[in-house]
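Enquirer: Requesting a structural model of the entry that follows:
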Amino acid sequence: MINSYADLDDAGVAIAAARAGADVVRGMYGERLDRIEKGAGDFATAADVEAEKAILGVIRAARPDDAVLGEEGGQQGAAEAARQWLVDPLCGTLNYAVGNMLVAVNVALRDGAAAVADPFSGEVFFTDGESTWVRHEGAADARTAPTSATRLVDVNLDPPFPGAPGFRAVDLLAHPVFVERFRPRVVSTTLALAWVAAGKRAAYVTDGGDLSGSVHFAAGIALCRAAGCVVTGIDGVPVGEAGPAGRGLVAAADAETHELLMSMVRG
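Expert: Numbers count the residues shown, from 1 in each chain. Below you'll find the model as predicted:
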């Protein structure tokens, strides 16, 4: 098994790691899980911890010299390492803890390959840094392409709200133009960000700081950028590129959708 992982390219490692985490998440679903409190209303469960262990097992077997930043285990290896994996083993913990299946397993090599696994649909969205694909068990990989045709915009309403009072996501949902052009969705997991890259969402909007190095968002951002989406902060500054970093995230399927959302954000 170790040799088989070592033979994979980076996209293959990201897929294998995300799938390993997804297997744990799916296998522990429905169990009574104690909460590990993190403060400010945030918590983890045993599923988060065990899924991260499974993911790290794949990465260590395939790329033993790489550093890892995990949501639960923190930094392992040098933070300034040339190659660093960003791991969120269970995005949507609150959903999961109450029996909601809208969750994601996120694995990303900084500035490289990434994968987002849906433990319950079996889908794995992935990129080699240049193209984006979706993999279903037993089926050939299919190229993904963003589109705004769904008119569905997913908005993260979780606190804190660092953009307030200048920007409040809830105000965006009530904007007359938003009501006319889009339909809101709130799934409370960055799985929705992968859906933008795959054409299942027209856009995704969240407040926050520089999210390019976040274990929660790195994989989804990588997918959207490789798919050709327009990806900036809520301030319009590009995310994950050289120079000043954008705050929060507006990832849109196309320039028209992005421009329209930005006009409402600025307004």
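Enquirer: Only C-alpha atoms from now on, for both contacts and neighbour counts.
Expert: OK.
Enquirer: Can you give the contact residues for the longest strand along the chain?
Expert: When the chain is parsed with DSSP state E, its longest strand is strand 84-91. By CA atoms under 8 Å, 6 or more residues apart in numbering, the residues outside strand 84-91 that reach it are 18, 21-22, 25, 47-49, 51-52, 55, 66-72, 103-110, 189-191, 213-216, 218-219.
Enquirer: Next step: those restricted to strands.
Expert: Mapping these onto strands (DSSP E) picks out 67-70, 104-109.
Enquirer: Among the residues you listed, list the two that are farthest apart in space.
Expert: Ala67 and Ala104 (21.8 Å; CA to CA).
Enquirer: and the nearest residue to Ala202 once chain neighbours are set aside, which of the three is it?
Expert: If you skip the residues right next to it in sequence, Ala202 has Ser148 as its closest partner in space, 4.0 Å away by CA to CA, 6 or more residues apart in numbering. Under DSSP: H, G, I helix; E, B strand; the rest coil, Ser148 falls in the coil class.
Enquirer: What segments of the stretch 51-200 of the chain are strands?
Expert: 67-70, 74-76, 84-91, 104-109, 114-117, 124-127, 132-135, 142-143, 152-155, 183-185 (DSSP state E, counting those that start in this stretch).
Enquirer: Between these, which has the poorest mean confidence score?
Expert: The minimum mean pLDDT among those belongs to strand 74-76 (a mean of 92).
Enquirer: So in that sheet, which strands flank it, and in what orientation?
Expert: When pairs are called by DSSP bridges, strand 74-76 turns out to pair with strand 67-70 (antiparallel).
Enquirer: just how off-centre is the strand it pairs with within its chain?
Expert: 16 Å (CA atoms, centre = their mean, to the nearest Å).
Enquirer: before we move on, back to that, so which of the strands of the stretch 51-200 of the chain comes closest to Lys38?
Expert: Of all those, strand 74-76 sits nearest to Lys38, with 13.1 Å by CA to CA.
Enquirer: How far away from the center of its chain is that closest one?
Expert: Relative to its chain's centre, strand 74-76 lies at 19 Å (CA atoms, centre = their mean).
Enquirer: Give me the distance between the two termini of stretch 57-73.
Expert: Length of stretch 57-73, first residue to last, CA to CA, to the nearest Å: 13 Å.
Enquirer: Kindly report the same for stretch 198-218.
Expert: 16 Å.
Enquirer: could you give me the average pLDDT of that stretch?
Expert: So the average pLDDT for stretch 198-218 ends up being 95.
Enquirer: So which bits of that stretch are buried?
Expert: Neighbour-count burial for stretch 198-218 flags 198-218 (criterion: 16 or more other CA atoms under 10 Å).
Enquirer: hang on, the earlier thing: in a markdown table: the strands of the stretch 51-200 of the chain, plus mean neighbour count.
Expert: Converted to a markdown table, the strands of the stretch 51-200 of the chain look like this (neighbours: other CA atoms under 10 Å):
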| stretch | mean neighbour count |
| --- | --- |
| strand 67-70 | 23 |
| strand 74-76 | 13 |
| strand 84-91 | 28 |
| strand 104-109 | 33 |
| strand 114-117 | 32 |
| strand 124-127 | 30 |
| strand 132-135 | 21 |
| strand 142-143 | 14 |
| strand 152-155 | 24 |
| strand 183-185 | 16 |
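Enquirer: Output those strands as a markdown table; include the columns distance to Asp7.
Expert: As requested, those are exported to a markdown table (distance: least, CA to CA, whole Å):
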| stretch | distance to Asp7 |
| --- | --- |
| strand 67-70 | 19 |
| strand 74-76 | 23 |
| strand 84-91 | 18 |
| strand 104-109 | 17 |
| strand 114-117 | 17 |
| strand 124-127 | 18 |
| strand 132-135 | 19 |
| strand 142-143 | 22 |
| strand 152-155 | 37 |
| strand 183-185 | 40 |
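Enquirer: Having no further points to raise, I will conclude here.
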